[in-house]
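Novice: What follows is a predicted structure for the sequence shown.
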Amino acid sequence: MITVAGFNTALDKLVDVDVLRAGAVQRISAVRLSFGGKGLHVAQTIASLGEEVRLVGLVDAASGPKIAELMRERGVDFHGIEIPGAIRTCLAIRERDGRMTELLEPGPEIDAATRERMLAAFRDLALESDLAVMSGSVPPGFADATYANLVRELQGAGVRCLVDASGAALRLAIEARPFLVKPNRDEAAMLFGKTVGDIDAAAATLRALLKRGVPLPVVSLGADGVVAAHGNDMLHANVMLENVVSAVGSGDCLLAGLAVSLVRGDSLATMLRLGAACGAANAGAGLGHAQCADVEALLPRVRTAAIETAASTANPPSTPPQEPHP
């Protein structure tokens, strides 16, 4: 069982324009509405891959029943925490050449009682799980150390934690040494103050995270794939797509694939292949989650390669992924 924290649920709006021009009045050619937030993307992909998953997410009176029904249809055990206001809206603007601009609202201010209900629900479910996934931002009212505190508590109880966050939430979570962290190249650059422009720079980020005590650091690189390290292994995986519909949510689908592979006890190479296939499956379909059939079709096309041996000074992992069963 995998439990996912999707504390900042969103109404996602994707609009198509010819070319985005700042300061100009422009007409939208198409609009698509869906429910999102990183946690929803992660949980739906995990369920699509056939693993049991529970999701704790924020809802309002209007969205709650609709999200619950959607999650039920997609095999996610959803635990919605209702707020009196409205959940945030996130706008993605897609230009004709495929370039995407995202405008993300911070989310509603959450009062202390609601915060505690949400944290208690996630904590209770996570303590019964094999993995706990904390993905995305937290709404205003939550402390920057929210994920860090949960990591310390849950890993102290033997539950491995995966964190995908940014800014102060990511920095503080790393200090708590979760089993896996997955910044993208921009988040990694902000974390260490260095541009992550190529595989060598991504490898340097992995070594830095290993030295900070993260057993399995992962850096997602968009169209350039994904890199990960574990112990003395450091790998790069990528899959080429002929057509990208929308990459929004692809990093979340990647994380979902990693989580599923960890639960199954796969090797690092198998884990990266599944994660890369999930991210690519989403980009090719633009759904915000990966569908199993698309993932299986892409898996044979994923290429993995060793990029170098991790530094010998890195802390060895305490709970390595297992090799695949024969």
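Specialist: Nice, I can see it.

Novice: for the worst-scoring helix or strand of the chain on mean pLDDT, packing partners?
Specialist: Lowest by mean pLDDT, DSSP states H and E among the helices and strands of the chain is strand 30-36, with a mean of 85. Applying 3 or more Cβ pairs under 8 Å, 6 or more residues apart in numbering; DSSP states H and E, one finds that strand 30-36 contacts strand 10-16, helix 64-73. Where C-beta positions appear, they are placed from N, C-alpha and C, glycine not excepted.

Novice: same for the longest one, what does it pack against?
Specialist: With contacts defined as 3+ Cβ pairs under 8 Å, 6+ apart, the secondary structure elements packing on helix 64-73 are strand 30-36, helix 38-48, strand 53-59, strand 77-82.

Novice: hmm, try it at 7 Å
Specialist: strand 77-82 (3 or more Cβ pairs under 7 Å, 6 or more residues apart in numbering; DSSP states H and E).

Novice: Could you do the shortest one as well?
Specialist: Using 3+ Cβ pairs under 7 Å, 6+ apart as the contact criterion, the neighbours of strand 10-16 among helices and strands are strand 30-36, strand 88-94.

Novice: which one of those strands is the most hemmed in?
Specialist: strand 88-94 (a mean of 19; mean count of other Cβ atoms under 10 Å).

Novice: Quickly run through the sheet partners of the helix or strand just after that strand, with directions.
Specialist: For strand 88-94, the following helix or strand on the C-terminal side (DSSP states H and E) is strand 100-104. Partners of strand 100-104 in the sheet, by DSSP bridges, are strand 88-94 (antiparallel).

Novice: Touching the partner strand from outside, list them.
Specialist: 8, 10-17, 20, 36, 100-108, 246, 248 (Cβ atoms under 7 Å, 6 or more residues apart in numbering).

Novice: mean confidence for it?
Specialist: The pLDDT scores in strand 88-94 average 88.

Novice: Just the CA atoms from that strand would do, formatted as PDB, please.
Specialist: The C-alpha coordinates for strand 88-94 follow below in PDB (Å, rounded to 0.1, in the frame of the first residue of the first chain):
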ATOM      1  CA  ARG A  88      -7.000  26.900  -6.000                       C
ATOM      2  CA  THR A  89      -7.100  27.200  -9.800                       C
ATOM      3  CA  CYS A  90      -3.900  26.500 -11.800                       C
ATOM      4  CA  LEU A  91      -3.700  27.800 -15.300                       C
ATOM      5  CA  ALA A  92      -1.500  26.200 -18.100                       C
ATOM      6  CA  ILE A  93      -1.200  28.200 -21.300                       C
ATOM      7  CA  ARG A  94      -0.100  26.100 -24.300                       C
END
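
Novice: what about Ala283, distance to Val219?
Specialist: According to Cβ to Cβ, to the nearest Å, Ala283 stands 17 Å off from Val219.

Novice: just to revisit the earlier point, now the weakest link among the helices and strands packed on strand 30-36, please, by mean pLDDT.
Specialist: Ranked by mean pLDDT, these end with strand 10-16 at the bottom, a mean of 87.
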